[in-house]
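>>> Need a 3D model of the sequence below.
(one chain, ligands or ions: 2)
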Amino acid sequence: MINVSGLSKRYGTHLAVKDVNFNIEKGEVIGFLGPNGAGKSTIMNILTGYLSMTQGKVEIDGFDIVEFPEQAKRRIGYLPEIPPLYTDMKVREYLNFIYDLKKVKFPKKPHIDEVLRLVGIDNVANRLIKNLSKGYRQRVGFAQALIGNPDVLILDEPTVGLDPKQIIEIRNLIGRLGKNHTIILSSHILSEIQAVCKRVIIINRGEIIADDTAENLAHRLSDNKTLLARIVCNEEDMLATLKTVKGVKSVTSLGQMESGSYDFVIEPMDGNDIRADIFDRVVSRGKKLLALNDNRLSLEQVFLRLTDMDTKEAKELLGSETVAETNTEEEEEV
Ligand code: ADP
Ligand code: MG
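Ligands and ions are numbered 1, 2, ... in the order given. Modelled structure (predicted):
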């Protein structure tokens, strides 16, 4: 549905987007995750045809955004970082205006009624936008993106500035819309992306440093051989006990957790699956095993780790499979 290859954007001498490549299939809900200034908005602005690219190619449903801007843009609904609302208009009046602007072909009234219902603002259709809460205003922003029923929705930081209740509402809305649309959503907040997106593209300093499912990313980056066990026990005794389990290489205590329990990081010898033996030993000592997990990093930790490194380091750590190859001859000018 969306094909991006060799995309670069230069602002003056600053190379804000560097040889970005990705493809998005119809129906996917993808998160652009990256710290402020990473280049998320720039990429989104280029995808929607609002900003020109310095180099590269963008196709929306097979239509090149430069060669066939009208066809490409008709397929995209865009919610920019700052929604373009005319706050002196009433909600319905504004959506009528957007309908005309987009030259939509469906019958006007039923289409606008449908969009109002879909985003849950039919009850404020006749209110002035300036009198609405921030959460409702954001929904009006969603509504303008949905006018014309585009296949693709591009949502730039859609929950920024909302309170927790409003964030949940918007998240649910995105979940609903994801059933019938291809969605790209950006955020610098991980939990947001994790809540609604299967696939995550991590962007840092204008480059894609990872493109995978959240699950895989956490897996790849963690030392997935070690286990984390939470056990109700005496710390010293259990340390000694665990060290004698067959196949165990090392045990480290992380100290006391919930009342009376301790967390232990257990490293197996190469190729040993020690989980069953750990369980048996703990039980045979009459102790309670509250949890036994892969000692994986959370996506939060992955994200912090990746965006903290320079790009080369991050790519090395991830291996080439998850990472867009850089074969650009261009280097950032300093
Ligand atoms: P994000 O959305 O991830 O926060 P942006 O795409 O807004 O990042 O910005 C990426 C980089 O490009 C930043 O370093 C920013 O300062 C720079 N930038 C963005 N817009 C412009 C502009 N119009 N002119 C010059 N530099 C810009
Ligand atoms: Mg931005």
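>>> So the closest residue to ligand 2 within the stretch 1-150 of the chain: helix, strand or coil?
Per CB to the ion, residue 41 is where the stretch 1-150 of the chain lies closest to ligand 2, at 3.1 Å. Using the backbone N, CA and C atoms, a C-beta is placed for each residue, glycine as well. Classification of residue 41 by DSSP: H, G, I helix; E, B strand; the rest coil places it in helix.
>>> Does it touch residue 186 like I think?
Yes - under the criterion of CB atoms under 8 Å, residue 41 makes contact with residue 186 at 7.0 Å.
>>> hey, what's in contact with both of the two?
Counting by CB atoms under 8 Å, 6 or more residues apart in numbering, the contacts common to residue 41 and residue 186 are 156-157.
>>> When these two are compared, which one has more neighbours?
residue 186 (26 against 19; other CB atoms under 10 Å).
>>> Next, the more buried one: secondary structure please.
strand.
>>> ok, what's across the strand from it?
residue 32, residue 156 (DSSP bridges).
>>> Strands of the stretch 51-200 of the chain, start to end?
55-60, 63-64, 76-79, 152-156, 182-187, 199-204 (DSSP state E, counting those that start in this stretch).
>>> Residue 238 - how many residues pack around it?
21.
>>> Now do the contacts for the nearest residue to it once chain neighbours are set aside.
Counting by CB to CB, 6 or more residues apart in numbering, residue 238 lies nearest to residue 231, which is 5.8 Å off, once chain neighbours are set aside. Applying CB under 8 Å, 6+ apart, we find residue 231 in contact with 238, 261-262, 264, 282, 287-290.
>>> Would you reformat these as CSV and include secondary structure, distance to residue 111 and pLDDT?
Below are the contacts of residue 231 laid out as CSV (DSSP: H, G, I helix; E, B strand; the rest coil; distance: CB to CB, whole Å; pLDDT from 0 to 100):
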residue, secondary structure, distance to residue 111, pLDDT
238, helix, 65, 96
261, strand, 57, 94
262, strand, 60, 94
264, strand, 60, 92
282, helix, 62, 96
287, coil, 64, 96
288, strand, 59, 95
289, strand, 57, 96
290, strand, 54, 95
